[in-house]
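J.: based on what follows, work out the 3D shape:
(chains A and B, ligands or ions: 2)
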Amino acid sequence: MADGTGVLILGDATGGELGSTTQELLAAGQTIASDLGEELSVALLGDTLDTAAQQAIAHGAQKVYAVNHPLLAKYQIDFHLSALEALCKEIAPRVVLVARTSEGRELAPRLAFRLGVGLAQDCLEVSVDAAEKRLLANRPVYGGNAIAVVSCDQTPQIAAIRPKAYEPTAADSSRQGEVISFPVELDASLARTMVVDTVIEEAEGVKLEDATIVVSGGRGLGGPEPFAHLEELAKIMGGAVGASRAAVDSGWVPSNYQVGLTGKTITPDLYITVAISGASQHMAGCSGAKVIVAINKDAEANIFKEARYGVVGDWESVLPALTAAVKELTQG
Amino acid sequence: MAVKIGVLAKQVIDPEMPMAAFRIDAGSKKVVPPPNIPPVVNGFDENAVEAALKIKDAQEATVTVISAGSTFALDVMKKPLSMGADELVLLQDDAFENTIDSFLTAQLLAAAIRKLGGFDLIICGRQASDWDNAQVPLGVAEILGMASISLGKKVDVQDGKVRVERIIPDGYEVVEASLPALVTVSNELGQPRYPTLRGIMAATRKKPTIWSAADLDLDAAQSEPRITLRDLFVPVRDQKCEIIEGENAADSGRLLALKLREDKVI
Ligand SMILES: Cc1cc2nc3c(=O)[nH]c(=O)nc-3n(C[C@H](O)[C@H](O)[C@H](O)COP(=O)(O)OP(=O)(O)OC[C@H]3O[C@@H](n4cnc5c(N)ncnc54)[C@H](O)[C@@H]3O)c2cc1C
Ligand SMILES: Nc1ncnc2c1ncn2[C@@H]1O[C@H](COP(=O)(O)O)[C@@H](O)[C@H]1O
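T.: Numbering: from 1, shown residues only, chains lettered A, B, ... in the order given. Ligands and ions are numbered 1, 2, ... in the order given. Okay, the predicted model is just below:
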C-alpha cells in the first residue's frame, strides 16, 4: 500500500452511543493528527450510528465514516474485519488506532495481518516522528518489566492502545465535521464463528473497572473466606473488590476479579492491596492508580516499591483495625 | 476419525524470575537471559497443551507441538511430550531468533503447519510472556484462512465443530466454529496436568523433528520486517513509600485510616 494520509480511529458505537474507549482514542488521535498535520477520522460500524457520529465529532473527529449494515449490528469478527479491510483499502490512512478491548484484541492483529502490515500492540503512549511521519509507540513488554519503543515499517501503521491509557477530552458540541456513509457488501456466509450463548457473571455493587476505590486481595490471604473482609471494607468506602491472579487461579474469586496484565486495567483514586507481592504483571493493571496502599507482612515485597503508603504486618491484625477506623471516620 | 490437533508453544525466559535478575543489553536492545534460571514453556502454552490433552482424553486425537526459535533447551521443550503430547516439531534456525515481529513468527509457524498437512484444530496460548504480543495465533489463522476464537477457558470438539467458552470482561460467551479452526486459551482453563513418570520415560525416547529455514517453504516477499524496535528500557519507579508504624499491627491499620483521611482519599 502507498504511503497513505490521515489518522483513522476504529470506533465503538455499541448501543448507538460512542464508547468511552473511542473517546480515549480521540484524545490520543488529536495530538497525532495535528503533529502530522493531517486529518482525524473515525470509522463507526453498526446499524444505528447517527448519535455516535455526532458524539465523535464533538470529541474531535473531522470526519466520520459510517458503515451501516444490519450484519454489523452486533460484533462478529469476520463481518467487522471484512468491513474494516474494505474501508482501509479505500481511504488508505497513514495511521490506524484501535482500542485494545475484548473485540480490539482480535480485530487489530487480524486486520494488520490481512493488510500485510505490522501492529504495535498494547501501547501506553503514542507519538509522532515528524520527519519520518512514523508513529512511535511505547509498550510494556516482559510483563511490564521493560518498555519497548516500536514503529511499524509499512502503511497503514496500526497501533492498539490500552484502555484507560488516555483521558478522554471534553466534548464540544459546536465542533463541525462531516459524516460520510461508507457502504459495504457483506454476506452472511462470511461468519465463521457463532456466539451460541452469553453468560454474564457480574459482581454486585460498583464495577471494578469504574470504581474510584478498589481493595484487592492476593495469595497471602490463604483462602476464599478473607475476601468477605475485603468486601466489607470496600463497601464502607463505596468501592469494589479485586484480586491477584494467584487468588483467581486458586479459585477463591471469579476470574473477572483479576487485576493486571491479563486481567483488568484499573485507575482508581485509591488502591489498597492486601497480601499481594506486587509482581510486575499485577502492577501492569493498576499502576495508573493515584494512591496505592500496601498491607503485606514481608517488608521486602516489591509492592512497597510501588506503594505510596505501606503497613508491614499480618493482614489479620491490620485489616480489621483499618476497617473499623475507616467506618468511624467516614460514617461518623 | 482422529482429531488432528496442533499446539503452538514457545520457549520463554521464566517470567517468575526475581525482578532483580531482569537485565537489558542496551546496545543490542535485548533482554539478557538470566544465568542459572532455566527457560520455561510459555505458561499459557502449557494451558494449550492441557486443552489438547483434555480433548484427547475424551476422543481419538493426536497432539503435535510446534515451536519456533533459534535455540532450545530440549528437556524444557519436551515437557508437553511428557504430559502426553504425541509429537514435537522444532523450527530451529539462527534466523528464527526471538523477535518482537509477530508477522515473521506467524509466517514460519504457518509454513510448518502447511508442511505437516494442516490440523483440524490449532490451540495456542493467549500471549507469550516475553513480548506479550498476543498476535501470532491470529496471524496464523489469517494466513491459513481459518476461523479464530480467542481467550478460551474450555474447549470441546464435537461433530466437526469446536465449542469454546470464551472469556469476556463480565463473564463468558459460548462460541462455535466449524473445523478447521484456531483457538487461544488462557490460564482460566485450569492447572495443566503434571507429567507422569511413564510420560517422562516415553518423552525421553521421542526425538523431535527439527526443521531449519531451508526446510520450510517460506515466501520471500512476506519476510520483510513489519516492526522496528527503536528502544528497550527498564522504566524508572521513583515512588517513595511511607511505612506507617503504630504500636502494633492493629494500631498501624488505624493510623493508616487516619492518614488516608488526612490525604482526603477517603
Ligand atoms: C504472562 C503472565 C501474566 C500474568 N498476569 C497477571 C495478572 O493479570 N494479574 C496478576 O495479579 N498476576 C498476573 N500474573 C502472575 C504474577 O506474576 C504473580 O505470580 C501474581 O501476581 C502473584 O500473586 P500474589 O501477589 O497474590 O501472590 P504472591 O506473589 O505469592 O504474594 C503473596 C504475598 O502475600 C504476603 N503475605 C502472606 N501472608 C500474609 C499475611 N498473613 N499478611 C500479610 N501479607 C501476607 C507475602 O509476603 C507475599 O508478598 C501473570 C503472570 C504471567 C507469567
Ligand atoms: N516462536 C513461537 N513458537 C511457537 N509458538 C509461538 C511462538 N510465538 C508465539 N507462539 C504462539 O502464539 C501465542 C501468542 O504469542 P505472542 O503473539 O507472541 O504473544 C503463544 O502463546 C504461542 O501459542
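J.: I'd like the next helix or strand past the helix or strand where residue A:84 lies.
T.: Assessed by DSSP states H and E, residue A:84 sits inside helix A:77-91. Sequence-wise, the next helix or strand downstream of helix A:77-91 (DSSP H and E) is strand A:95-99.
J.: sheet-wise, list the partners of that next one with their directions.
T.: Applying DSSP bridges, strand A:95-99 is found paired with strand A:7-10 (parallel), strand A:157-161 (parallel).
J.: among these, which comes closest to ligand 2?
T.: strand A:157-161 (12.3 Å; C-beta to the nearest ligand atom). C-beta: built from backbone N, CA, C; applies to glycine.
J.: tell me both backbone torsions, phi and psi, for the residue of the stretch 101-250 of chain B found nearest ligand 2.
T.: Across the stretch 101-250 of chain B, no residue is closer to ligand 2 than residue B:125, which sits at 2.5 Å (C-beta to the nearest ligand atom). Backbone torsions of residue B:125, given as degrees, to the nearest 10, read phi -80, psi 160.
J.: need the per-residue pLDDT for it.
T.: As predicted, residue B:125 sits at a pLDDT of 98.
J.: gap between it and residue B:42?
T.: Using C-beta to C-beta, to the nearest Å, we find residue B:125 at a distance of 5 Å from residue B:42.
J.: what's the burial count for residue 119?
T.: I went with chain A, as the question did not name one. By the criterion of other C-beta atoms under 10 Å in any protein chain shown, residue A:119 has 31 neighbours.
J.: chain B is the one I meant
T.: Neighbours of residue B:119 under the rule other C-beta under 10 Å: 23.
J.: before we move on, what about residue B:34?
T.: Burial of residue B:34 is recorded as 16 neighbouring residues (other C-beta under 10 Å).
J.: name the nearest residue to it, ignoring sequence neighbours.
T.: residue B:21 (4.1 Å; C-beta to C-beta, 6 or more residues apart in numbering or on different chains).
J.: do a quick rundown of the helices in the stretch 151-300 of chain A.
T.: A:227-237, A:245-249, A:280-283 (DSSP state H, counting those that start in this stretch).
J.: can I get these in JSON lines including distance to residue A:214?
T.: Output for the helices of the stretch 151-300 of chain A, formatted as JSON lines (distance: least, C-beta to C-beta, whole Å):
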{"stretch": "helix A:227-237", "distance to residue A:214": "7"}
{"stretch": "helix A:245-249", "distance to residue A:214": "14"}
{"stretch": "helix A:280-283", "distance to residue A:214": "12"}
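J.: tell me the most buried of those helices?
T.: Highest mean neighbour count among these (mean count of other C-beta atoms under 10 Å in any protein chain shown): helix A:280-283, with a mean of 24.
J.: can I get the strands paired with strand A:95-99 in a markdown table including mean pLDDT?
T.: What follows is these, written out as a markdown table (pLDDT from 0 to 100):
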| stretch | mean pLDDT |
| --- | --- |
| strand A:7-10 | 98 |
| strand A:157-161 | 98 |
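J.: adding mean neighbour count, write those strands out as JSON lines.
T.: As requested, the strands paired with strand A:95-99 are exported to JSON lines (neighbours: other C-beta atoms under 10 Å in any protein chain shown):
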{"stretch": "strand A:7-10", "mean neighbour count": "30"}
{"stretch": "strand A:157-161", "mean neighbour count": "29"}
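J.: which residue sits closest to the residue most central in space within chain A, ignoring its sequence neighbours?
T.: The residue lying closest to the centre of chain A (C-alpha atoms, centre = their mean) is residue A:163, at 1.9 Å. Excluding the flanking residues, the one nearest residue A:163 by C-beta to C-beta, 6+ apart is residue A:21, at 5.1 Å.
J.: could I get the average pLDDT for whatever helix or strand the one you found lives in?
T.: Remark: residue A:21 resides in helix A:20-36, with elements defined by DSSP H and E. For helix A:20-36, mean pLDDT rounds to 97.
J.: break down the stretch 151-266 of chain B into its strands, ranges please.
T.: B:161-168, B:171-178, B:181-185, B:209-211, B:227-233, B:242-243 (DSSP state E, counting those that start in this stretch).
J.: make that the stretch 151-300 of chain A, sorry
T.: Secondary structure of the stretch 151-300 of chain A, counting by DSSP E, counting those that start in this stretch: strands at A:157-161, A:178-181, A:193-200, A:213-217, A:240-243, A:270-274, A:291-296.
J.: out of these, which comes closest to ligand 1?
T.: strand A:291-296 (4.4 Å).
J.: just the angle between the closest one and strand A:270-274, please?
T.: Angle of strand A:291-296 versus strand A:270-274, following axes from the mean of the first three to the mean of the last three C-alpha atoms, to 10 degrees, is 10 degrees.
J.: other SSEs contacting strand A:291-296?
T.: Here strand A:291-296 touches strand A:270-274, helix A:303-306, strand A:309-312, helix A:315-331, helix B:249-262, going by 3 or more C-beta pairs under 8 Å, 6 or more residues apart in numbering or on different chains; DSSP states H and E.
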